[in-house]
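Trainee: Task: produce atomic coordinates for the following.
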Amino acid sequence: MEHAPHQISTIAAVREIVGEPHPALSLKVLDALDEMSVDFIGKAPFLVLATADANGFPDVSPKGDGPGFVVVEDPKTLLIPERKGNKLLYSLQNILSNPRLAVIFLVPGTEETLRVQGRATLTADPEVCRRLATRGQPALLAIRVEVEKCFFHCARAFKRASLWRPETWPHRQRISFGRQIAPRLGGGEDIVRQIDEFADAENHDL
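Mentor: Predicted coordinates:
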């Protein structure tokens, strides 16, 4: 395959443009969670989970609940609950065929994020699921993550995006699953409404 005129194909070419990192930055990358990382996870109500299938095709999934919904079992182990959802199971299927994953933890109002990489297994241990219970319901199962790398990511992306500045936010966008799905079913407005009502009911049944 011929390269496009300005396509970059080597890390040396990337470095020529971007430059080298400060030597001290490598010191922030740890192989286990430290006290500051554990505290951050305990305050995080939201994370983004990245997985890939056996062929390396990636998927990214958001997960959220009350602050501290992810349990730190020890400095090398995290427990992420799996709760009621759309049942597509992309992340869980990927973990079964390719255990490597990455997670970004977010805390509202804090512009730094925590990045964790490691290997995962799935468990339906009743004791673990009860430990991850919320609103009186145990987790369906849990993703156990063996931490191999973790580090805090600087605030630049959040500052550039003004993500935590409400005055910069656009009006809330209404996402209609019915508008996407109904045409594929050959349905009209009644089907649109039914699908949207179902989605709203599922989202409120937490």
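Trainee: by contact count, what packs against the longest strand along the chain?
Mentor: Secondary structure of the chain per DSSP state E: the longest strand is strand 141-153. Other helices and strands packing on strand 141-153, by 3 or more Cβ pairs under 8 Å, 6 or more residues apart in numbering; DSSP states H and E, are helix 35-43, strand 77-82, helix 90-97, strand 100-106, strand 113-123, helix 126-131. Just so you know, the C-beta spots here come from the backbone N, C-alpha and C atoms, and that holds for glycine as well.
Trainee: cutoff 10 Å now
Mentor: Contacts defined by 3 or more Cβ pairs under 10 Å, 6 or more residues apart in numbering; DSSP states H and E place strand 141-153 against helix 35-43, strand 46-52, strand 71-74, strand 77-82, helix 90-97, strand 100-106, strand 113-123, helix 126-131.
Trainee: And the average pLDDT for the last one is what?
Mentor: Same thing as helix 126-131. For helix 126-131, the mean pLDDT works out to 97.
Trainee: Could you do the fifth one as well?
Mentor: Here the mean pLDDT over helix 90-97 is 97, rounded to a whole number.
Trainee: picking that back up, export only the CA atoms of the longest strand of the chain, formatted as PDB.
Mentor: Extracted as PDB, the C-alpha positions of strand 141-153 are listed here (Å, rounded to 0.1, in the frame of the first residue of the first chain):
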ATOM      1  CA  LEU A 141     -20.300  -9.600  38.100                       C
ATOM      2  CA  ALA A 142     -17.000  -7.800  38.500                       C
ATOM      3  CA  ILE A 143     -14.000  -7.000  36.400                       C
ATOM      4  CA  ARG A 144     -10.800  -7.700  38.400                       C
ATOM      5  CA  VAL A 145      -7.900  -5.600  37.100                       C
ATOM      6  CA  GLU A 146      -4.300  -6.500  37.800                       C
ATOM      7  CA  VAL A 147      -2.600  -3.100  37.700                       C
ATOM      8  CA  GLU A 148       0.600  -3.100  35.600                       C
ATOM      9  CA  LYS A 149       1.000   0.700  35.000                       C
ATOM     10  CA  CYS A 150      -0.700   3.800  36.400                       C
ATOM     11  CA  PHE A 151       0.000   7.500  36.300                       C
ATOM     12  CA  PHE A 152      -1.800  10.900  36.500                       C
ATOM     13  CA  HIS A 153      -2.400  12.700  33.200                       C
END
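Trainee: Buried residues in the very next helix or strand once past that strand, which are they?
Mentor: Next in sequence after strand 141-153, counting helices and strands by DSSP states H and E, comes helix 156-161. Burial within helix 156-161, assessed by neighbour count using 16 or more other Cβ atoms under 10 Å, is assigned to Phe158.
Trainee: pull the CA atoms of helix 156-161 into PDB?
Mentor: The C-alpha coordinates for helix 156-161 follow below in PDB (Å, rounded to 0.1, in the frame of the first residue of the first chain):
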ATOM      1  CA  ARG A 156      -4.100  20.400  29.500                       C
ATOM      2  CA  ALA A 157      -6.900  18.600  27.600                       C
ATOM      3  CA  PHE A 158      -9.500  19.600  30.100                       C
ATOM      4  CA  LYS A 159      -8.300  23.100  30.200                       C
ATOM      5  CA  ARG A 160      -8.400  23.400  26.400                       C
ATOM      6  CA  ALA A 161     -11.900  21.900  26.400                       C
END
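Trainee: Alright, that wraps it up for me.
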